[in-house]
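> Here is my input; please provide its structure:
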Amino acid sequence: MGRDMSNERARQMVAQETARIIVNQGIRDYRAAKIKAAERLGLNTRGSLPGNSEIERAIEDYHQIFGGASHDSWLQTMRATALGAMQLLSTFSPRLVGPVLSGTADENTVINLHVFADSAEEVAAQLGALGIGFSTYERRLKSRRDLLTSYPGYEFLHEGLPVQATVFPVDGIRQAPLSPINGRPMQRAAAKEVAVLAESV
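Residues are numbered from 1 along each chain as shown. Presented below is the predicted three-dimensional model:
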C-alpha cells in the first residue's frame, strides 16, 4: 500500500512539474516534458510516468491556479483569432482542434485547424489570393492505432498569431485522426461552435 501511494504521489508530482514546463517553456512534446520533469525531481524516468491524459488535467489545473482571468482572456483572444482564420478558409470546412479548443492553450500555443480539400494546392491558392504569406509543413497523425498517415499543411499569421492548417481529403471530415492525448478521435469544432466558445470564456 505504501509503495502504491508513493508511486501515485510521484506520478502526481511529475504531472504537475510537466504541466509547469509545458506552459512556461512552450515544450509541446509531452514525452520530452515528462522526462525533463522526472529528471528535475530526481525520479527514475524508467518508472511509471503519468499518461498524457493526466498531463492534460494537470495543465488545466495549472491554468486555473496560476492563470485565472488573464488565461481566460488570452484563451478568448485565441479562439476569436481562430474563428477569423476559419472564416478566411471557410471554403474548406475548417475545424478547430487542439489546445485552443480544449482550453489548455497558452502564449506558446499555435492555433490548429483541420481543413478539407481535393488537393492541398487549393488551400495554398486561397491563402495566396488573400495575400497571406505561408510556410509549408507535414504532420504525421494516427488514423488508426497502428497506422500513421502524413498530411500537408500551411502555417501563417492571422492577427499576429500563428495558425497551422493541416489539409485532409474532403472525406476526411467524417473521421478525425486519433488524439495523442487519449487515443480517441480528436475533438473538432466547426466555426459556429467556436463562435460560441469565443463568447463564453
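
> Residues in contact with the longest strand seen in the chain: which ones?
Among the segments of the chain that qualify as a strand by DSSP state E, the longest is strand 147-158. The contact list for strand 147-158 (C-beta atoms under 8 Å, 6 or more residues apart in numbering) reads 81, 84-85, 88, 110-111, 120, 123-124, 127, 132-143, 162-168, 177. To be clear about C-beta, it is placed using only N, CA and C from the backbone, and glycine gets the same treatment.

> Now the buried members of those.
Buried subset of the contacts of strand 147-158 (neighbour count, 16 or more other C-beta atoms under 10 Å): 81, 84-85, 88, 110-111, 120, 123-124, 127, 132, 134, 141, 143, 163-168, 177.

> The contacts of strand 147-158 in strands, which ones?
Counting by DSSP E, the contacts of strand 147-158 place 111, 135-143, 162-168 in strands.

> Could you pull out the helices in the protein for me?
2-25, 30-40, 52-62, 68-88, 99-102, 120-129, 191-200 (DSSP state H).

> so which of these gets nearest Ile181?
helix 52-62 (4.6 Å; C-beta to C-beta).

> ok and the closest one relative to helix 30-40, angle-wise?
70 degrees (axes from the mean of the first three to the mean of the last three C-alpha atoms, to 10 degrees).

> so Ile55 touches Ala15, yeah?
Yes: look at Ile55 against Ala15 with C-beta atoms under 8 Å: they come within range, at 5.7 Å.

> Run through this structure and note the low-pLDDT ranges.
Along the chain, segments meeting pLDDT under 70 span 1-5, 45-47, 201.
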